[in-house]
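Enquirer: When you get a sec, could you give me coordinates for this:
(chains A and B)
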Amino acid sequence: MESLTNRKKVVSDKPMTFMEKLYLPAIFNGMFITLKHMFKKNNTIKYPEEQRVFAPVYRGMHVLKRDEQGRENCTACGLCAVACPAEAITMVAGERQKGEEGLYREEKYAEIYEINMLRCIFCGLCEEACPKEAVFLTDRIVPTEFERNEFIYGKDVLVEPLNDRIDVTKRQHTGTRSEI
Amino acid sequence: MDTGLLIEKLILAILLFVVSLGIAAYSTYFERKLAAWIQDRVGPDRAGPFGILQPIADGVKMFMKEDFTPTNADRWLFILGPGIAMFTALMTSAVIPWGTDITLFGRTIALQVADLNIGILFIFGIISIGVYGIMIGGWASNNKYSRFGAIRASSQMISYELAMGISAITIIMLSGGLGLNDIVKAQHGMNWNIFYQPVCFLVFFICALAETNRAPFDLPECESELIGGYHTEYSSMKLGLFLFAEYVAMFVSSALISILFFGGYNFPGMDSFSGNTLAILSVAAFFTKTFLMIFLFMWIRWTIPRFRFDQLMHLGWKVLIPISIINMLVTGIVIAFNEGWIKF
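Expert: Numbering: from 1, shown residues only, chains lettered A, B, ... in the order given. The predicted model follows:
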């Protein structure tokens, strides 16, 4: 069979030669290697000051998008909740009243929309299932908390603020995988 | 008794105590930094600029921890263990000559707390007592891991002391005196023992690694098998004393190695200086050598994996002791020829 890598080594248990039994050459060799590493550039990213650049396909905390006029895209169809393999999403639908046209894009909207971040596996199937381009996974990190119930994110956290729009263009691909 | 002498020695002793502890504290910092560099990391850099306040933070942490004594532990021996470990580690530095004589306020002060004429015997005696700290600590904990660690420590230290002692005898034969000051003076003018006795140095250095329980001979505190060995049950500053004693012992054995093999406070071209300039330069030379030795200790720790216990015993009894005995005999024969005791 053809080997997958060129790193294959034949192991043998032949008795050690005198030079090998001395151990010292091997020790000096090892010390030379560690000395070389002492002067190498380290790979540390000092986290709070520097942050690693995320890949464009990174899936972090969710956002519920608004359209250009600032209306919520979500119509509480429930497809994201159905698609969710971890059953992290729950919602209660509400009917848009007169005078609320500036808040919600269509007649039906989500009164309550909750994602349990402890259940969520960040697979992105909700985003894929959404017919209204309402839910997206962003490159933001879900912060740590001390209480379990603080991980259930409601609309107050998830809906994108009007004055601080969140860019999701990196994830708005409509084409096939090969075009990405 | 001369009061001035008393004050002088007291100041010197206190200074030595503070310096030993300071160097030990910063050895922990430097050890972590070195480990980080070898492993392509950054190391501690949060406490103060470049993390130089890290040892202080560690010390405060140690003091703040709960000082826990297990129910079945022997209370007094449990306290005595770390005490002995620290005491013996600090005691050995008393006979080490730190530099040439310094003249202050019209007094000639020897930079050595006690110029014992049996200096090296004193050091070996105190180091042997150091085993008791670990043994008593491990025994008093009443824990099988601690006991294993203690047994390993005592058997290891006793076995390696033999080879260490025999290689020290070789050096004593060369310099013709047991006092550390005599040994240093005999190496004046680049007559460093390392050039005459490289094999002896190697044996002594390996034994010093084993005596201070440093990697690759850190079997008594082997984390992977013994969860910390003799200090498994220790917490708070008692643990701190054990860990600290290791670093003090490392500093003292580095100092001892630089005295025995690298000429102590001698440095090339020291005859062109005199007085206090010479004293300061000699102290600087001595500390440079000691720090390089400490660096070597740490460098080895982060390079070589730990020995297995049977390999350790094999190396001690079947390799190092024969080598050191043969080395001693050959040295003795050569000296006898040079002195003209044997003639053909």
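Enquirer: Ramachandran coordinates for residue A:91?
Expert: Here is the backbone geometry of residue A:91 (degrees, to the nearest 10): phi -150, psi 160.
Enquirer: ugh, wrong one, residue A:159
Expert: The phi/psi pair for residue A:159 (degrees, to the nearest 10) reads phi -70, psi 140.
Enquirer: what about residue B:252, how many neighbours?
Expert: Residues contacting residue B:252 under the criterion other C-beta atoms under 10 Å in any protein chain shown number 27. To be clear about C-beta, it is placed using only N, CA and C from the backbone, and glycine gets the same treatment.
Enquirer: Now do the helices in chain B.
Expert: B:3-38, B:54-64, B:75-91, B:119-140, B:144-175, B:180-186, B:193-196, B:198-211, B:223-226, B:236-261, B:275-301, B:309-314, B:321-339 (DSSP state H).
Enquirer: for the ones you listed, which one sits closest to residue A:162?
Expert: helix B:54-64 (45.2 Å; C-beta to C-beta).
Enquirer: Please see if that closest one touches chain A.
Expert: No. Contact of helix B:54-64 with chain A is not found when judged by C-beta under 8 Å from any C-beta of the partner chain; the minimum separation is 15.6 Å.
Enquirer: Only the buried residues of that helix, if you could.
Expert: Across helix B:54-64, burial judged by 16 or more other C-beta atoms under 10 Å in any protein chain shown covers B:54, B:55, B:58, B:59, B:62.
Enquirer: okay if I get these as JSON lines plus pLDDT?
Expert: Shown next, in JSON lines, are these (pLDDT from 0 to 100):
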{"residue": "B:54", "pLDDT": "88"}
{"residue": "B:55", "pLDDT": "88"}
{"residue": "B:58", "pLDDT": "86"}
{"residue": "B:59", "pLDDT": "86"}
{"residue": "B:62", "pLDDT": "87"}
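Enquirer: Between these, which sits nearest residue B:282?
Expert: residue B:55 (27.6 Å).
Enquirer: And that closest one, how far from residue B:235?
Expert: Counting by C-beta to C-beta, to the nearest Å, the separation of residue B:55 from residue B:235 is 19 Å.
Enquirer: and the closest residue in space to residue B:78 that isn't next to it in sequence, what does it touch?
Expert: Nearest residue to residue B:78, sequence neighbours excluded (C-beta to C-beta, 6 or more residues apart in numbering or on different chains): residue B:140, at 4.2 Å. By C-beta atoms under 8 Å, 6 or more residues apart in numbering or on different chains, the contact set of residue B:140 is B:73, B:74, B:77, B:78, B:80, B:81.
Enquirer: Among those, give me the pair with the biggest separation.
Expert: Greatest spacing in these, by C-beta to C-beta: B:73 and B:80 (11.5 Å).
Enquirer: Between the two, which has more neighbouring residues?
Expert: The neighbour count for residue B:73 versus residue B:80, taken as other C-beta under 10 Å, is higher for residue B:73 (20 against 17).
Enquirer: okay but residue A:148 is in contact with residue A:116, surely?
Expert: No. The criterion here is C-beta atoms under 8 Å, and residue A:148 misses it with residue A:116 at 9.3 Å.
Enquirer: Settle it for me: which of those two has more neighbours?
Expert: residue A:116 (17 against 9).
Enquirer: Quick check: mean pLDDT of the longest strand along chain A?
Expert: Longest strand in chain A by number of residues, with DSSP state E as the criterion: strand A:108-116. Averaged over strand A:108-116, pLDDT sits at 91.
Enquirer: Excluding covalently adjacent residues, which one is nearest to the residue most central in space within chain B?
Expert: What sits nearest the mean C-alpha location of chain B, by C-alpha atoms, centre = their mean, is residue B:253, with 2.2 Å. Distances taken as C-beta to C-beta, 6+ apart put residue B:208 closest to residue B:253, at 4.5 Å, once the chain neighbours are dropped.
Enquirer: since we're on that neighbour, how many residues are nearby?
Expert: Neighbour count for residue B:208, taken as other C-beta under 10 Å: 25.
Enquirer: How many residues are close by residue B:246?
Expert: Using other C-beta under 10 Å, residue B:246 is surrounded by 23 other residues.
Enquirer: What of residue B:330?
Expert: If we define neighbours as other C-beta under 10 Å, then residue B:330 has 12 of them.
Enquirer: which residues touch residue A:158?
Expert: So residue A:158 contacts A:62, A:63, A:64, A:113, A:115 (C-beta under 8 Å, 6+ apart).
Enquirer: Confirm that the second one sits in a helix.
Expert: No. Judged by DSSP: H, G, I helix; E, B strand; the rest coil, residue A:63 forms no part of a helix; its state is strand.
Enquirer: Would you quantify the distance from it to residue A:167?
Expert: 10 Å.
Enquirer: Give me the neighbour count for residue 130.
Expert: In the absence of a named chain, this looks at chain A. Counted with other C-beta under 10 Å, residue A:130 comes out at 20.
Enquirer: please go with chain B instead
Expert: Residue B:130, neighbours per other C-beta under 10 Å, totals 24.
Enquirer: isn't it right up against residue B:154?
Expert: No. The pair residue B:130 / residue B:154 is not scored as a contact, 10.4 Å apart, by C-beta under 8 Å.
Enquirer: Name the residues of the stretch 201-344 of chain B found near chain A, please.
Expert: Going by C-beta under 8 Å from any C-beta, the residues of the stretch 201-344 of chain B near chain A are B:299, B:300, B:302, B:303, B:304.
Enquirer: any chance of these in TSV, with neighbour count too?
Expert: As requested, those are exported to TSV (neighbours: other C-beta atoms under 10 Å in any protein chain shown):
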residue	neighbour count
B:299	16
B:300	19
B:302	18
B:303	20
B:304	18
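Enquirer: got a list of what the closest residue to chain A within the stretch 151-300 of chain B touches?
Expert: The nearest approach of the stretch 151-300 of chain B to chain A comes at residue B:299, 6.2 Å away (C-beta to the nearest C-beta). With contact taken as C-beta under 8 Å, 6+ apart, residue B:299 is in contact with A:31, A:34, A:35, B:34, B:38.
Enquirer: Pick out the most distant pair among those residues.
Expert: A:31 and B:34 (12.4 Å).
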